[in-house]
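Peer 1: Can you look at this prediction? I've put the sequence above it.
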Amino acid sequence: MSSVTGHTALVTGAASGIGLACARALSSAGAEVHLVDRDPHVLTFAEELGGIGHVLDLTGSVESLPAEIDVLVNNAGVQHVAPIHEFPADRFSAMLELMLGAAFRLTRHVLPHMYDRGWGRLVHVTSVHGLRASAFKSAYVSAKHGLEGFSKVAALEGAPHGVTSNCVAPGYVRTPLVEKQITDQARVHDIPEADVAEKIFLQRSAVKRLIEPEEVAQAVLWLCDNSFVTGTSLAVDGGWTAQ
Ligand code: NAD
């Protein structure tokens, strides 16, 4: 039995990749799961899991989402690869709004319920780019470093109320977010698309393979099971940050 059994969870970005894997893992562990995404396919996945789907663009208000949530997984994210001097300013703001602003607004939305219950789990899917930088990812690296900081503040404030806050920081995971980067990475680094996996994705990983979304979901569940682990970041990065 997992400590999420019988609890209510909400996962953002749950129509694809890591978010969907988290929703499936939480559901298998016995949680009731709310799946949130701007992609309407989320409704089909929610039905499959016997959960509740919400189609919502998280750059806007989150007030329509339920506040009675015990486990919040802030996961929705996007990538844009471009040098700073060419990076569209509105794109930079929108990425911060999604990956940092929405995490703040959702945490703020659910914390009163967690504090009332004296138990809660906040897990933020950041990235190795929350701990390290790469060229051409200014918005992503800024948002993820910000989310790592926000998580630590939530850990300090939540501790007296039985609420933990942690990050999972993966290296490159086999999801559409990575597949969509191949063309842009080839362009900005001036290399053939066929070389992107070896020269960009796996170059700094000691373990030379992409991570599977299910491996990230297991790390999320492990954090939910631990009441003394808080304010930390669990790197699931094949040794990237060991260097
Ligand atoms: P993905 O593209 O497979 O899924 C992201 C989901 O977020 C999609 O379903 C998308 O519709 C949703 N989404 C995007 N913008 C949204 C918005 N404005 N409102 C609501 N939903 C929105 O990506 P993924 O690889 O599963 O990434 C999930 C998280 O993991 C992201 O935060 C990403 O930064 C992080 N991450 C991914 C990798 C990787 O290599 N794939 C590595 C480290 C961290």
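Peer 2: Looks like it came in fine.
Peer 1: Which residue ranges of this protein form strands?
Peer 2: Ranges of strands in the chain, per DSSP state E, are 8-12, 32-37, 52-55, 71-74, 120-125, 163-170, 233-236.
Peer 1: can you put those in a markdown table and add mean pLDDT?
Peer 2: Listed next are the strands of the chain as a markdown table, based on pLDDT from 0 to 100:
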| stretch | mean pLDDT |
| --- | --- |
| strand 8-12 | 99 |
| strand 32-37 | 98 |
| strand 52-55 | 98 |
| strand 71-74 | 98 |
| strand 120-125 | 98 |
| strand 163-170 | 98 |
| strand 233-236 | 98 |
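Peer 1: can the longest helix belonging to the chain be found next to the ligand?
Peer 2: Ranked by residue count and defined by DSSP state H, the top helix of the chain is helix 138-158. No: between helix 138-158 and the ligand, judged by Cβ under 6 Å from any ligand atom, nothing touches; the nearest distance is 6.8 Å. In this view, the C-beta of every residue, glycine as well, is placed from N, C-alpha and C.
Peer 1: can you give me the offset of that helix from its chain's centre?
Peer 2: Relative to the chain's own centre, helix 138-158 is displaced by 11 Å; criterion: Cα atoms, centre = their mean, to the nearest Å.
Peer 1: what's that helix in contact with?
Peer 2: For helix 138-158, contacts defined as Cβ atoms under 8 Å, 6 or more residues apart in numbering pick out 74, 77, 79-80, 84, 87, 91-92, 95-96, 98-100, 103-104, 107, 111, 114-115, 120, 122, 124, 126-127, 129-131, 133-134, 163-167, 169, 230-233.
Peer 1: what do you get for stretch 100-119?
Peer 2: The contact list for stretch 100-119, computed with Cβ under 8 Å, 6+ apart, reads 10, 12, 58-59, 61-63, 65, 67-70, 72, 74, 76, 120, 122, 124, 143, 146-147, 150, 154, 158, 161-163, 165.
Peer 1: Using PDB, write out every CA atom in it.
Peer 2: The C-alpha trace of stretch 100-119 is given here as PDB (Å, rounded to 0.1, in the frame of the first residue of the first chain):
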ATOM      1  CA  LEU A 100       6.600  28.800 -12.700                       C
ATOM      2  CA  GLY A 101       3.500  31.000 -12.500                       C
ATOM      3  CA  ALA A 102       1.000  28.100 -12.800                       C
ATOM      4  CA  ALA A 103       2.900  26.000 -10.300                       C
ATOM      5  CA  PHE A 104       2.700  28.900  -7.800                       C
ATOM      6  CA  ARG A 105      -1.000  29.600  -8.500                       C
ATOM      7  CA  LEU A 106      -2.000  25.900  -8.300                       C
ATOM      8  CA  THR A 107       0.100  25.400  -5.100                       C
ATOM      9  CA  ARG A 108      -1.600  28.500  -3.600                       C
ATOM     10  CA  HIS A 109      -5.000  27.100  -4.700                       C
ATOM     11  CA  VAL A 110      -4.600  23.600  -2.900                       C
ATOM     12  CA  LEU A 111      -2.500  24.500   0.100                       C
ATOM     13  CA  PRO A 112      -5.400  25.500   2.400                       C
ATOM     14  CA  HIS A 113      -6.900  22.100   2.000                       C
ATOM     15  CA  MET A 114      -3.600  20.300   2.600                       C
ATOM     16  CA  TYR A 115      -3.100  22.500   5.700                       C
ATOM     17  CA  ASP A 116      -6.600  21.600   7.000                       C
ATOM     18  CA  ARG A 117      -5.900  17.900   6.600                       C
ATOM     19  CA  GLY A 118      -2.300  18.200   8.000                       C
ATOM     20  CA  TRP A 119      -1.000  16.200   5.000                       C
END
